[in-house]
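Participant: need coordinates for the below:
(2 chains)
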Amino acid sequence: MRVTQGAFSFLPDLTDTEIRAQIDYALSRGWACSVEHTDDPHPRNVYWDMWGVPMFGIKDAAGVMLEVDACRKAHPERYIKVNAFDSTRGIESIALSFIVNRPQDEPGFALERQEVRGRSVRYTTRAYSADRPAGQRYR
Amino acid sequence: MNKPLDNPAITDPKARYKAGVLKYKEMGYWRPDYEPKDTDFICVFRITPQEGVDAEEAAAAVAGESSTATWTVVWTDLLTAADSYRAKAYRVDPVPNTGPGTNAEQQYFAYVAYDLILFEEGSIANVTASLIGNVFSFKPLKAGRLEDIRVPVAYVKTFKGPPTGIVVERERLDKFGRPLLGATMKPKLGLSGKNYGRVIYEALTGGLDFTKDDENINSQPFMHWRDRFLFGMEAVNRAQANSGEIKGHYFNVTAATMEDMYERADFARDLGSNIVMIDLVIGWTAIQSMSNWCRKHDMILHMHRAGHGTYTRQKNHGVSFRVIAKWLRLAGVDHLHCGTAVGKLEGDPLTVQGYYNVCREACTKQDLSRGLFFDQDWVDLRKVMPVASGGIHAGQMHQLLDLFGDDVVLQFGGGTIGHPMGVQAGATANRVALETMVKARNEGRDIKAEGPDILRAAAKWCKPLEAALETWKDVSFNYASTDTPDFVATPSASA
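Facilitator: Numbers count the residues shown, from 1 in each chain, chains lettered A, B, ... in the order given. Predicted coordinates:
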C-alpha cells in the first residue's frame, strides 16, 4: 500500500527539483519550513519526530534542502515530511505539508474490530510495522 | 449622494403623540442626519416601494416595522426611551440599472441602523425575528431584500462561532495545503444501508477525504439512520486503514425533533465519526443547539444550505446568501455550502467569492463588486470552511482552485460516482487532478491558462483521470446568474 498523507501523495514521488520548488513557494509566502520523520505513520500520530526546530530564519530553499538531505541520510527508511508554518494571526498552523521520503516497503495497516453493544463495533487502526520497536520497524 | 437636508421627524411631543396615523418619516424613522455608531447593527435593504410611496418613506417604514413601530401612534412609546429604540433609516440610494428606461422597477438601497439594545446576546433567532420578521410582508413595499449587514464587534463577541473552524479542522484531519475533497452519495434516495456504505467505502478508498449524506437522507423505509451510521463507519474505518489517512462521512442528523437529532448525533459520536451534518431547514435555534453539541463532543459541523434558494435567489425579494452566511458564521457551523460558480447551481463568480470571503476572512473588507457593502471585523471568530458542491468535475480543477484557493471542500458527487471505471477510479481522478493542480500552482504556473494542459499531462500516467476528462469534457453550465451585485463603479456605499 501507499500511505497517502500529505499534499502530494497521489502523485509520483517528488524529485529534488520539485521538492525545492514547493519549498520556494512556501518561503515566498513567508512560511517557515520544518522537517519531521517517523516510523509510526498511524493517521492519528500527529507528533512525528522533529529534525531540529522549524527554520524560522532560513529564507533560501537550499538551506531547507540541506536539512531534508541530512534527514534522509540519517533515516532512509522512515517517512519524512516537509511542513511549512504560517504564523499569521488567526492561522498559526501548518499551511503546507508533504512527504519527501518513505520506506521502500509499506506494509500498511490492519483494521481491528471489537464487537460491542448491539451491532456497534469499536475500530482500531494498527500499523503492521508497529509490532516491532521504534527504530526497527522499516528495514 | 442622496441627502435630503431636512429631518422630517416631528419633534413637538404634542403633535408627535396625538392619536392617529402619521407617516413613518414623521415618526422619526427617517433620519438623514444620523451618523451610525460603531455599536449599531447596520442593514442595507433593497426595496421596491409601491406606486406613490416615496423612497424615504418606504425606507422609514422598513426601519419602523423592523423595530418599534406599529401602524398608528401609540402613547405608550412615552414610557420608553423611544428615540433610542427606533431603528433609523439614514440613507437611500437608487439601485443602478433600475427604474425608468430600464427593464426593472425602480429600486433603492435603504440603509438602516439599529441600536445594540434591540438584540439579545448570542441569538440569531432574535436577530432574524427583528430584521426579517415583519417587513417582508409589509404592504407599502412591493418587494424587499436584505442585501447585507454590518454586525457590530460588541455583538459578534456574544457568539461562540464555529465549533471547530478551518484551522483546527485541518489539524484534526492532518491535511494541509490543498482543498479537501468530498462527494455526496448518489443516488440520493433508495440505497440500503449496506449498498450505501459500499459507495462510501469506494469513494474514500479511491482518495476522497469526505463523503456526504444528501440533504434529504434522514431515516426512510429503505434505510434507517442507525443502519446508515453502522455501515458508514465500517466504510470510513476501512478506508482509513487502506490509506493511512483520516477520513470522514457527514452523517446527516436532521430529524423531526431536537431529541431525535441529539440521539443521532450521540450515536455517530459513539461510533467514532469525526463529523455530523445538519440542514439549514432545521432553523436557527436548532442550528445553535447543534453547534453547542459539536463543541462539547469535538465534532465538525457540516451545514447543507437546503432551502436557501427559496429566499436568496431572486434579487428583488428575500435575503441575500451573504447575510445567511454571516448569520451562520455567528451561529457556529464549520462547513457551509457556498456555491461553485462553475457548476450546475446558481452563482455569479464574484458574488460567490463574496460568500467565501464572509466565511474565511479575519476581517471582510467592503467590496461592492462582490456584493459586500461593509467592512466586517470578525474579531477572531473562527473561520468556516466553504463547500463547493453541485455539477463540478475534474476537468474544472484549475478554475476551482483559481476561484477558491486552498480552504474549501470541493465536492464531486456525480463527478466521482459517475466515473466510467467505477467509484474508486472517480475518486482517484479527482485527487490526482487536485494534487497536480496545487503542485503546478505552487511551482508558479499560470493554472488559469495552462490548466487543461496540466490536467492532460497528468492524464498520461493516470488512466482514471484520462477517462474523467474524456467523459465530462464538454460539460459546463453557462446560464446567466439571477443574483449579481448592482453597484456603480465608484464606490459610494459605506457604513
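Participant: what sits against the closest residue to chain A within chain B?
Facilitator: With distances taken as Cβ to the nearest Cβ, chain B approaches chain A most closely at residue B:177, which sits 3.2 Å away. To be clear about C-beta, it is placed using only N, CA and C from the backbone, and glycine gets the same treatment. By Cβ atoms under 8 Å, 6 or more residues apart in numbering or on different chains, residue B:177 lies in contact with A:7, A:84, A:94-98, B:406, B:438.
Participant: now the spatially most central residue of chain A. Nearest residue, chain neighbours left out?
Facilitator: Compute the mean C-alpha point of chain A, and by Cα atoms, centre = their mean the closest residue is residue A:81, 3.6 Å away. Taking Cβ to Cβ, 6 or more residues apart in numbering or on different chains, and ignoring the residues beside it in sequence, residue A:81 has residue A:99 as its nearest neighbour in space, at 4.9 Å.
Participant: state the number of residues packed around the one you found.
Facilitator: When neighbours are counted by other Cβ atoms under 10 Å in any protein chain shown, residue A:99 registers 20.
Participant: just the residues contacting the one helix or strand it maps to, thanks.
Facilitator: Remark: residue A:99 resides in strand A:93-101, with elements defined by DSSP states H and E. By Cβ under 8 Å, 6+ apart, the list of residues contacting strand A:93-101 from outside reads A:3, A:5-9, A:14, A:19, A:22, A:25-26, A:29, A:31, A:37, A:68, A:71-72, A:75-76, A:78-86, B:167, B:170-171, B:174, B:176-177, B:442.
Participant: among these, which are in strands?
Facilitator: Within the contacts of strand A:93-101, residues falling in strands by DSSP state E are A:37, A:79-86.
Participant: which among these count as buried?
Facilitator: Of all the ones in strands among the contacts of strand A:93-101 considered here, the ones buried according to neighbour count by 16 or more other Cβ atoms under 10 Å in any protein chain shown are A:37, A:79-86.
Participant: of all the contacts of residue B:177, which comes closest to residue A:52?
Facilitator: Of all those, residue A:52 sits closest to residue A:84, with 15.1 Å by Cβ to Cβ.
Participant: do I have it right that that closest one meets residue A:33?
Facilitator: Yes. The pair residue A:84 and residue A:33 passes the contact test of Cβ atoms under 8 Å, sitting 5.4 Å apart.
Participant: overlap in contacts, those two.
Facilitator: Counting by Cβ under 8 Å, 6+ apart, the residues touching both residue A:84 and residue A:33 are A:23, A:26.
Participant: which residues of chain B lie near chain A?
Facilitator: Taking Cβ under 8 Å from any Cβ of the partner chain, the part of chain B that reaches chain A is made up of B:167, B:170-171, B:174-178, B:207, B:230, B:233-234, B:237-238, B:240-246, B:270-272, B:362, B:380, B:383, B:428, B:431-432, B:435-436, B:438-439, B:442-444, B:458, B:461.
Participant: confidence score at residue 121?
Facilitator: Here I'm looking at chain A. We have a pLDDT of 94 for residue A:121.
Participant: nope, chain B please
Facilitator: Reported pLDDT at residue B:121 in the predicted model: 97.
Participant: what's the neighbour count on the spatially closest residue to it that is not a sequence neighbour?
Facilitator: Counting by Cβ to Cβ, 6+ apart, residue B:121 lies nearest to residue B:158, which is 3.7 Å off, once chain neighbours are set aside. Each residue near residue B:158 was counted by other Cβ under 10 Å, and the total is 14.
Participant: quick one: residue B:158 is in a helix?
Facilitator: No. Counting by DSSP: H, G, I helix; E, B strand; the rest coil, residue B:158 is not found in a helix; it is coil.
Participant: which stretches of chain A have low pLDDT?
Facilitator: For chain A, applying pLDDT under 70 flags the ranges A:139.
Participant: again, 90 this time
Facilitator: Across chain A, the ranges flagged by pLDDT under 90 are A:117, A:129-139.
Participant: what's the burial count for residue 51?
Facilitator: All of this is about chain A. Under the neighbour criterion other Cβ under 10 Å, residue A:51 is assigned a count of 20.
Participant: try chain B instead
Facilitator: Residue B:51 is flanked by 6 other residues according to other Cβ under 10 Å.
Participant: number of nearby residues for residue 19?
Facilitator: The chain I'm using is chain A. 20.
Participant: not what I meant, chain B
Facilitator: Around residue B:19 there are 8 other residues, counting by other Cβ under 10 Å.
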